[in-house]
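Participant: show me how the following folds:
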Amino acid sequence: MTMLAEQIDGVIGGDTHRDTLAAAAVSPIGAVLASTDAAANARGYCRLLDFARQHIPGRRCWALEGIGSYGAGLAAFLGQAGEHVVEVCRPKRPVVRGGRKTDMIDAVRAAKEALVTEHLIQPRLRGKREALRVLLATRHGAVLASTAAINQLKSLIVSAPDDLPAELRKLKRLVQIARCAQLRDRPAQDVEHRMTARSLRSTVQRIQALQAEAKELEDEMLGLVREVAPELLKLLGVGPITATQILVSWSHPGRFRSEAAFASFAGVSPIPASSGLTNRHRLNRSGDRQLNRALHTISLIRMRLDPTTKAYVARRVAEGKTSRDAQRCLKRAICRQLFKILEHSDRDAGVNSENLAQAA
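Facilitator: Next up is the predicted model:
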């Protein structure tokens, strides 16, 4: 495998923050050539690019921290300028005190880490992929707020005065929301009754607004998914939310070197856990947990609705696997199918469960 140091004349390491950017030019053998800092704005981006051209005029690579947050603007600027950009993870804080920590040290560390890393991380795309990400994050916040409001509503109903409709406690959630929305506080009632009714009505209005917001955001995501990868929506168990999460995590063709790398990133690659006469694999608890959650949702739907998937799981269980291990194998097969579709493989990936069974 060819390392980055064999392909370039130097690396520009970058440590990004809200207001400032630190950069260090490092040679292929790890020697620090120069360092500088700049403001986190368009003028600062131009200054860093001039710095890179001055100290590494030939083949160079940028190794940046925080491309998904404070470094997003710099990464987009460098991409438009035709620069080669990779992402490095932020360092873990040392467990012992006394470790040195400056922005320049972090910039040098980022460059050196890129030089010795076998598999470099490509930055995720912006554009429609970033639009899907912000829609997904905003909808998630609306759903969390709606859940908190629903819990508050139930708490208010439990402690409500007895003269309020007693049947509220026995109704289902949707009926509770509809009934509480019709409550009125009349002057003839005591202050506790009036304020409780007003609180219930206000909480219900918040729930309805948040649910409407989440539905609008979901419709926006559905429209974008139909533009980017409509074939995903043809798969059993894949809806707008799971399709959006898959596209956000995958980003663009070529980002993953193989479907095995994509499976490892999704946390569905099998991990050997054999010992003695026991030969088995265990669940992978690393990787992108939100992508893993999307694959888990797809597997649950297929195990419930798809006869071919039911037969596949039954066959795995008959081979001696537990139900969790059988589901792990199913998620690995789903990941393989999704990768073929996302990468637009020449071979037909198939959008039905029969192809899934064959791939497994």
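Participant: what stretches of the stretch 201-350 of the chain score poorly on pLDDT?
Facilitator: The model of the stretch 201-350 of the chain has pLDDT under 70 over residues 277, 345-350.
Participant: how about the helices in it?
Facilitator: 240-250, 259-266, 289-305, 307-318, 323-342 (DSSP state H, counting those that start in this stretch).
Participant: give me whichever of the ones you listed is most buried.
Facilitator: The highest mean neighbour count among these, using mean count of other C-beta atoms under 10 Å, belongs to helix 240-250: a mean of 23. In this view, the C-beta of every residue, glycine as well, is placed from N, C-alpha and C.
Participant: possible to save the helices of the stretch 201-350 of the chain as CSV with distance to R90?
Facilitator: Putting those into CSV (distance: least, C-beta to C-beta, whole Å) gives the following:
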stretch, distance to R90
helix 240-250, 19
helix 259-266, 18
helix 289-305, 18
helix 307-318, 39
helix 323-342, 27
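Participant: which of the ones you listed sits closest to A34?
Facilitator: Closest approach to A34 among the helices of the stretch 201-350 of the chain (C-beta to C-beta): helix 259-266, 34.5 Å.
Participant: what angle do that closest one and helix 240-250 make?
Facilitator: 110 degrees (axes from the mean of the first three to the mean of the last three C-alpha atoms, to 10 degrees).
Participant: and the angle for helix 259-266 with helix 289-305?
Facilitator: Angle, helix 259-266 to helix 289-305, by the same axes, to 10 degrees: 100 degrees.
Participant: quick one: contacts of helix 259-266?
Facilitator: By C-beta atoms under 8 Å, 6 or more residues apart in numbering, the surrounding residues in contact with helix 259-266 are 119, 249-250, 256, 269, 284, 287-288, 291-292, 295, 332, 335-336, 339-340, 343.
Participant: before we move on, the earlier item: for G30, find the nearest of the helices of the stretch 201-350 of the chain.
Facilitator: Per C-beta to C-beta, nearest to G30 of these: helix 259-266, 26.6 Å.
Participant: which parts of the stretch 51-200 of the chain are helices?
Facilitator: Counting by DSSP H, counting those that start in this stretch, the stretch 51-200 of the chain has helices at residues 72-80, 103-116, 128-158, 173-181, 191-228.
Participant: give the buried residues for the longest one.
Facilitator: Which is helix 191-228. Residues of helix 191-228 classed as buried: 193-194, 196-197, 199-201, 203-204, 206-207, 210-211, 213-214, 217-218, 220-221, 224-225, 228 (neighbour count, 16 or more other C-beta atoms under 10 Å).
Participant: now stretch 164-172
Facilitator: Applying a neighbour-count criterion of 16+ other C-beta under 10 Å, one finds L164, L168 buried in stretch 164-172.
Participant: return that stretch as CSV; C-alpha atoms alone will do.
Facilitator: Provided in CSV are the C-alpha atoms of stretch 164-172 (Å, rounded to 0.1, in the frame of the first residue of the first chain):
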residue,chain,number,x,y,z
LEU,A,164,-61.1,18.0,34.9
PRO,A,165,-62.4,15.3,32.6
ALA,A,166,-61.3,12.1,34.4
GLU,A,167,-61.4,10.0,31.3
LEU,A,168,-58.3,11.9,30.0
ARG,A,169,-56.1,9.5,32.0
LYS,A,170,-57.5,6.5,30.2
LEU,A,171,-57.4,7.8,26.6
LYS,A,172,-54.7,7.0,24.1
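Participant: no more questions from me, cheers.
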